[in-house]
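K.L.:
Quick one, fold the following:
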Amino acid sequence: MTVRRSALPAAAALLLCTTLAGSAIPAQAAAAGDSLPAVTARAETAPLHDDDQGGNADADDPAIWRNAAAPDRSLVIATAKEGGLRVYDLDARQVQSLPAPAPAAPDDAPGRFNNVDLVHGTALAGARSDLAVVSDRGHDRLRVYRIDRDNPAGPLTDVTDPQAAPIFSTSQEEINEQDTAYGLATWTDPATRRSYALVSRNNRTTVALLELVARTGGTVGYRTVRTLDLPAAFRLPDGTSWAPCGEPGELPQVEGMVVDPANGTLYAGQEDVGIWRLRADLTGTPVLVDKVREYGVPAAYDEESDECAPTAPDPGHGGEHLAADVEGLTLLTEADGDGYVLASSQGDDTFALYDRETADDNEYEAGFRVAASALVDGSEECDGAAVLNAPLGRRYPQGLLVVQDGEDTPSADGRDATGFKFVDLAQVMDAVED
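P.N.:
Sure, this is the predicted structure:
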């Protein structure tokens, strides 16, 4: 999820999120969200639709690309699932639309773009370039795009290695089951200058470390370095075992991820569990930084309603600041280099901030929400967000926050919609620091 820091010292990244069907919002979680400070959006994109009336685009995850030569001409690159990629200017106007790849065969899964992240100043694509890297859940692959704001054909050009192999699957049949590439975070190792993508797997606890590799003709491929499986079940303080409720056969997946480049630490959001801290090279032992409120609550899945419902009272083993799902994780970096790990708390439509001055003490610091104004509605059921703490010209001189809205204002014809909201980062910083 997710955005990334620019080459400037103050640049940073922020957010992402996704909905688990059937999740319920506890009353105490909603009340906690209402008590947090609110920020409002300045602009919004045109609504996207995913329905039976011809729409196949569902807003998910944004990334902010800063044009160092002309900050006013910076871009927001966002995934639209089966609708592919959308590229917006700073007025939230669409400047490019790229389709997701077609299915391998008529009955196979179509391309489905889930998360996007950026790699800056890489020589991978034949010349030193910025890249947008996308997880294609539909085909279980990464897609890579070179960014050139001055290209008359559009700022993004597909440079994916045509021979790129599936990440987790061994056959098209497995790909069609969609236990495929899901969450995404990029990372460049400062010691080696090698660039990587960390990719999670849908319906599984697996995270893979992929090295991005230059191929002939200026294309970009990848190779798997190693994988890691986070726990699927947990020992509670009373000695019992607990596993998050879900559909039969589905394990508690990870989506939101971010790497702190200052120390090579990966933060990974296991949606129904909490936030993990571990090494970005996937070695060592993961540490659970914070838990969702629902952690440890017994629940059962009902096939008819497609929902999980508690089967016993809350035993009180969960956290206080996150309501499942925990989705977007990113870094909010301040001018002095300090800042926060920022997590999207989807269950109560809020964001939680954790101290990142020391990697072994991520103390909760504050929270906020993105609320409606007289002109633009707020963000609910966020599927992704991003922040860049760097000047972006006259529109956003102190930086920009972009959040996905999973419940955009319905169209005039009543169609459900999703979209992205653009928020002046100065509002967020004021809310965080008050």
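K.L.:
Poorly predicted segments of the stretch 301-434 of the chain, please.
P.N.:
Within the stretch 301-434 of the chain, the segments meeting pLDDT under 70 span 358-360.
K.L.:
any chance you could map the helices in it?
P.N.:
For the stretch 301-434 of the chain, applying DSSP state H, counting those that start in this stretch gives helices covering 425-433.
K.L.:
Could you do the stretch 1-150 of the chain as well?
P.N.:
Counting by DSSP H, counting those that start in this stretch, the helices of the stretch 1-150 of the chain are 27-34.
K.L.:
can you pull out the strands in it?
P.N.:
38-40, 43-44, 62-65, 75-79, 85-88, 94-98, 113-122, 129-136, 141-147 (DSSP state E, counting those that start in this stretch).
K.L.:
can you list contacts of the first one?
P.N.:
Meaning strand 38-40. Applying Cβ atoms under 8 Å, 6 or more residues apart in numbering, the contact partners of strand 38-40 are 368-373, 376, 378, 401, 423, 427-428, 431. Heads up, the C-betas are built off the backbone N, CA and C, glycines and all.
K.L.:
who does that strand pair up with?
P.N.:
Strand partners for strand 38-40, identified by DSSP bridges, are recorded as strand 364-371 (parallel).
K.L.:
got the buried residues for the partner strand?
P.N.:
Tyr364, Ala366, Gly367, Phe368, Arg369, Val370, Ala371 (16 or more other Cβ atoms under 10 Å).
K.L.:
For the residues you listed, work out which two are farthest apart.
P.N.:
Between any two of those, the greatest separation by Cβ to Cβ is 21.0 Å, found for Tyr364 and Ala371.
K.L.:
give me every residue that touches Gly217.
P.N.:
Counting by Cβ under 8 Å, 6+ apart, Gly217 has contacts Gly126.
K.L.:
related to what we said a few turns ago, please identify the most buried of the strands of the stretch 1-150 of the chain.
P.N.:
strand 62-65 (a mean of 30; mean count of other Cβ atoms under 10 Å).
K.L.:
Make CSV out of the strands of the stretch 1-150 of the chain and add mean pLDDT and distance to Gln253.
P.N.:
Listed next are the strands of the stretch 1-150 of the chain as CSV, based on pLDDT from 0 to 100; distance: least, Cβ to Cβ, whole Å:
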stretch, mean pLDDT, distance to Gln253
strand 38-40, 95, 29
strand 43-44, 96, 29
strand 62-65, 95, 21
strand 75-79, 98, 17
strand 85-88, 98, 23
strand 94-98, 97, 26
strand 113-122, 94, 11
strand 129-136, 97, 12
strand 141-147, 97, 18
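K.L.:
Pipe those into TSV and attach distance to Ala324 per row.
P.N.:
Below are the strands of the stretch 1-150 of the chain laid out as TSV (distance: least, Cβ to Cβ, whole Å):
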stretch	distance to Ala324
strand 38-40	22
strand 43-44	27
strand 62-65	22
strand 75-79	22
strand 85-88	28
strand 94-98	32
strand 113-122	19
strand 129-136	22
strand 141-147	28
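K.L.:
To Asp405, which of the ones you listed lies closest?
P.N.:
Nearest to Asp405, of the strands of the stretch 1-150 of the chain and by Cβ to Cβ, is strand 43-44 at 7.5 Å.
K.L.:
Among the strands of the stretch 1-150 of the chain, which comes closest to Leu198?
P.N.:
Of all the strands of the stretch 1-150 of the chain, strand 113-122 sits nearest to Leu198, with 9.2 Å by Cβ to Cβ.
K.L.:
My read is that Thr285 contacts Trp276, right?
P.N.:
No. Applying Cβ atoms under 8 Å, one finds Thr285 not in contact with Trp276, separated by 10.2 Å.
K.L.:
More neighbours: the two, which one.
P.N.:
Taking other Cβ atoms under 10 Å, Thr285 and Trp276 do not tie; Trp276 has more neighbours (22 against 6).
K.L.:
Was I right to think the more buried one contacts Tyr267?
P.N.:
Yes. At 7.0 Å, Trp276 and Tyr267 qualify as touching, with contact defined as Cβ under 8 Å.
K.L.:
hey, what's in contact with both of these two?
P.N.:
In contact with both Trp276 and Tyr267: Val289, using Cβ under 8 Å, 6+ apart.
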